[in-house]
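# Need a 3D model of the sequence below.
(chains A and B)
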Amino acid sequence: MARAAELTGPEVRRLNRLSLPPALLLVPAGLFLVVFFLVPYLNMVRMSFLTKAPGAAFSHVLTVENYLRVLQDAFYWRVIARTFWLAGLTTLLTLVLGYPLAYTIARAAGPRRPLLLMLLLAPLLVGAVVRSYGWMIWLGRMGLINQALRALGWGEAELMYNTLGILIGLVHVYLPFMVLAIASSLEQIPADVELAARSLGASPWRAFWRVTWPLSLPGVFSGAMLVFVLALSAYVIPILLGGNNVLVMPMLIVQMLLDAFHWPLGSAMAMVLFGLASLVLWLYVKAMNRALRWIPR
Amino acid sequence: MRSTSYPVGFAAAAVAVYVFLLAPIAIVVVAAFNSGEYLRFPPEGFSLRWFSKFLASEPFVRSFWFSLKLASLATLLSTVAGGMAAFFVVRHAGRSRDFLRLLLVAPLQLPAILTGIALLIFFYSVGIGTRGMTGLLIGHTVVSLPYVFLMVSSVLLRFDRTLEEAARSLGASPWVTFRRVTLPLVQGGVISGALFAFITSFDQFPISLLLVSVGNTTLPIQLFDYLRFSFDPTAAAASTVSVALSVAVVWLIHRLVGLEQLTWGGPR
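I've put the predicted structure just below:
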C-alpha cells in the first residue's frame, strides 16, 4: 500500500480501471430504455402502418390507409386545429404571466429566494388531476366564483366545461415550466448590465426592453417550445375542465385505442399530431435562430 | 441595485401570478377540512369527516396503497439504474456522452401520453399485457429514471475528484473509497433524485391511464374516475394527501441539495 502513495493522478485512474469495466454501469439503464422505450416507439410507428383485423387489434398487412383516413377527414383537421390553437394560446399566456415571476425569482436574493422557488415548485409537483379538481371548486356552477357572483346579484358565468376552463387549467399546469426556463436564462445575465444602462440614464423600463429582454430571449424561446409540446399532449385537463364539450386530439387518440380498440388508426393519429408538431417546431426553431442572430453577444 | 431598477409593475404581477398558482391547491386543502358538502364562503367549520370518509372508502384506500407500493418499487429501480448511468456518463463516457445523455432524458422530452400508448401496444405485442403490476412498474420507471439521472449527474459534475484520489493514494480500496468518500458526497443528489422519482410515479397520470387494469388502480386514476361523476370532498381529502407528499418532497430537496440544483443547476 505504500506504493500507492507514490502514484500520481493518471496512474490512480488506471488503478481504478483494474476493477470491473465501467461500461457495466450503463447496462441496466441503457438496456431498460432501449427495450422499454426505444423499441415500443418504433413498434408504434410500425403499428400505424398495419391494418385493423376483425376481432383482433391488428393484422400484419401493411397499408397507408390509416394516415389517409386521418388526413382526408375534415373532422380530424378541425380537432387538430383546435389542439394547436389551445397549445399556442397557452404558450402565449404562460409567457405573459410567467415573465414577471421569472424576473422576480432571478433577481431575488437571500432567504427570499428559496421561498419563492418553493412556492413555484410545489404546485409543479402536485398532479394535474388534483389541480383540475381545485379549479373545479373555484369555477364550477356551484363554485366559489359563481357563489360570489350570485351574492352580488350578477347572475352566473360559464367558467368551465368550455374552452375558458381548459385554458385556465393548461396555463396553470404549464406556467412553472415557462418560469423555470426564463429564470434560468435571466440568471446568466449579470445584474451589472442592466445597472450600466440605468447609470447611463435609461429608465427602468427602457433598460429592461433594450437590455434584459433581448438577453433573456433564449430562455423565452426554449420555454415556449417546451410549453407548446406539453400543452399539445394534455389529456386530463381538457376532460375534467372541458367536460366532453371541447374535443382535442389526445382525447380522440386515447378513445381510439382504449374504447374503439383500433390500434393502427390510433397510432396513425398520434403520428400525425406529433409529425405536425415537429414540423411547427422545426419552422419555429429556424425563425428563432434568425431572430437570435440580432442579439448582441 | 437589485430592487431599484425593477420595472414598475413586475413585483405586483409576480404576486398576482403566485396567487393564481396557489389558489386551486390551497382550496383543495380548505375543502378537505371543511365540514360542508361543498365549499361556501365563509367555510362552515372545521371537520375531519372527509378524511374518515376517504379512509373508509375501499377503492381510495386500496389505490392509495397500490400507488405507494408502485412508486416505491419504481423509485428503487430508477434510482439504482439512473444513478449508475449518471456515474458512467459523467465520468467515463467519451464521445458517446451527448448521445447517451439524449437517450437517458428522452422520456422527459416526449409526451408521457405517447409513451403510454407505445408501451400499451408493445406490452400486448410481446404478451406481457397489462394484467398485474409489471407493465405499470416498467412505465413508471421509464419516466422517473431521467430525473434521477439528471440530479445525480448535476452533483457529480461539481464533485472534486481529488478527494477520491487522496483516499486511494492513502491506501483505501476502490470499494472503501466509494463507500466512505464518494457516496457520502453524492448522497444528497441521489436522495433528491429518488424523491423526485417517487413523486413522479405517485402523481403519474398519462402512463397509468393506459396501463392500469381492473383491481390495479393508482390513486390519481381513482381520483380521476371519481371526479367524473361527483365533486364531494372525499376527493379533496385524497388530493390533500397528494399535496402533502409534494410539499414534503420539495422541502426535503431544499434541505438536501438546494432547489437551485433542481431548477437550473443541472447539466446542460
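# quick one, what contacts the nearest residue to residue B:104 once chain neighbours are set aside?
Spatial nearest neighbour of residue B:104, excluding adjacent residues (Cβ to Cβ, 6 or more residues apart in numbering or on different chains): residue B:149 at 4.8 Å. Every residue, glycine included, has its C-beta placed from N, CA and C. Residues counted as contacts of residue B:149 (Cβ atoms under 8 Å, 6 or more residues apart in numbering or on different chains) are A:29, B:82-83, B:85-86, B:89, B:104-105, B:193.
# Now the two most distant members of the residues you listed.
Spanning the widest gap among the contacts of residue B:149 are B:83 and B:105, at 14.6 Å by Cβ to Cβ.
# wait, isn't residue A:194 in contact with residue A:210?
No: in this structure residue A:194 lies outside contact range of residue A:210 using Cβ atoms under 8 Å: 9.8 Å.
# what about those two, which has more around it?
residue A:194 (24 against 13; other Cβ atoms under 10 Å in any protein chain shown).
# In terms of helices and strands, where is that one?
helix A:191-199 (DSSP states H and E).
# And that helix, what does it pack against?
When contacts are defined as 3 or more Cβ pairs under 8 Å, 6 or more residues apart in numbering or on different chains; DSSP states H and E, helix A:191-199 packs onto helix A:204-207.
# following the helix it packs on, which helix or strand comes up?
Helix A:204-207 is succeeded, C-terminally, by helix A:213-232 (DSSP H and E).
# And chain B, is that next one touching that?
Yes: where contact is defined by Cβ under 8 Å from any Cβ of the partner chain, part of helix A:213-232 touches chain B, namely A:229-230, A:232.
# Show me what the helix or strand following that helix is packed up against.
Remark: after helix A:213-232, the chain's next helix or strand is helix A:236-242, criterion DSSP H and E. Judged by 3+ Cβ pairs under 8 Å, 6+ apart, the packing partners of helix A:236-242 are helix A:128-139, helix A:163-187, helix A:249-254, helix B:219-227.
# Quick check: which of these is nearest to residue A:115?
helix A:163-187 (14.5 Å).
# Tell me how far that closest one lies from the chain's centre.
On the basis of Cα atoms, centre = their mean, to the nearest Å, helix A:163-187 sits 9 Å off its chain's mean C-alpha point.
# so what does that helix touch, helix or strand wise?
Helix A:163-187 packs on helix A:74-107, helix A:112-125, helix A:128-139, helix A:213-232, helix A:236-242, helix B:10-33, helix B:259-263, going by 3+ Cβ pairs under 8 Å, 6+ apart.
# tell me, which of those is the model least confident about?
Among those, helix B:259-263 has the lowest mean pLDDT, at a mean of 64.
# so which residue of chain B comes closest to chain A?
Using Cβ to the nearest Cβ, the single residue of chain B nearest to chain A is residue B:24, 2.7 Å away.
# For chain A, name the helix or strand with the lowest mean pLDDT.
helix A:2-6 (a mean of 44; mean pLDDT, DSSP states H and E).
# what's the answer for chain B, then?
The weakest-scoring helix or strand in chain B, judged by mean pLDDT, DSSP H and E, is helix B:259-263 (a mean of 64).
# between the residues of helix A:213-232 next to chain B, which is nearest residue A:88?
Looking across the residues of helix A:213-232 next to chain B and measuring by Cβ to Cβ, the closest to residue A:88 is residue A:232, at 9.3 Å.
# which non-adjacent residue is nearest the closest one?
residue A:87 (4.5 Å).
# Just give me the neighbour total for the one you found.
24.
# That one: what's it in contact with?
Counting by Cβ under 8 Å, 6+ apart, residue A:87 has contacts A:170, A:227-228, A:231-232, A:234.
# re the thing from before, out of residue B:83 and residue B:105, which sits in the busier spot?
residue B:83 (24 against 17).
# That one - nearest residue in space that isn't next to it in sequence?
residue B:152 (4.9 Å).
# What separation is there between the one you found and residue B:71?
19 Å (Cβ to Cβ, to the nearest Å).
# Between the two, which is the more surrounded one?
Taking other Cβ under 10 Å, residue B:152 and residue B:71 do not tie; residue B:152 has more neighbours (28 against 24).
# OK, contacts around that one?
Residue B:152 neighbours (Cβ under 8 Å, 6+ apart): B:82-83, B:86-87, B:186, B:189-190, B:193.
# mean confidence for whichever helix or strand residue B:67 is part of?
Following DSSP H and E, one finds residue B:67 within helix B:58-91. The pLDDT scores in helix B:58-91 average 94.
# and what of stretch A:51-64?
84.
# got the contact list for that stretch?
Here stretch A:51-64 has contacts from A:47, A:49-50, A:65, A:261-265, B:124, using Cβ under 8 Å, 6+ apart.
# Need the phi and psi values for residue A:256.
Per-residue torsions, residue A:256: phi -60, psi -40 (degrees, to the nearest 10).
# let me redo that: residue B:213
Dihedral angles (degrees, to the nearest 10) for residue B:213: phi -130, psi 170.
# Can you give me the neighbour number for it?
Quick note: residue B:213 (other Cβ under 10 Å) scores 13 neighbours.
# Chain B - how does it break down into domains?
Per automatic domain parsing, the structural domains of chain B span B:1-47, B:57-263.
# who's in contact with the closest residue to residue A:228 other than its chain neighbours?
Among residues not flanking residue A:228 along the chain, residue A:91 sits closest, at 4.7 Å (Cβ to Cβ, 6+ apart). Residue A:91 makes contacts with A:178, A:224, A:227-228, A:231, as judged by Cβ under 8 Å, 6+ apart.
# burial of the residue in chain A that chain B sits nearest to, as a residue count?
Of all residues in chain A, the one sitting closest to chain B is residue A:134 (2.7 Å; Cβ to the nearest Cβ). Applying other Cβ under 10 Å, we find 27 residues neighbouring residue A:134.
# how about the residues of the stretch 151-268 of chain B that lie near chain A?
Counting by Cβ under 8 Å from any Cβ, the stretch 151-268 of chain B sits next to chain A at B:165, B:168-171, B:174, B:199, B:203-206, B:209-210, B:220, B:223-224, B:227-228, B:231, B:235-236, B:239, B:242-243, B:246-247, B:249-251, B:254, B:258-260, B:262-264.
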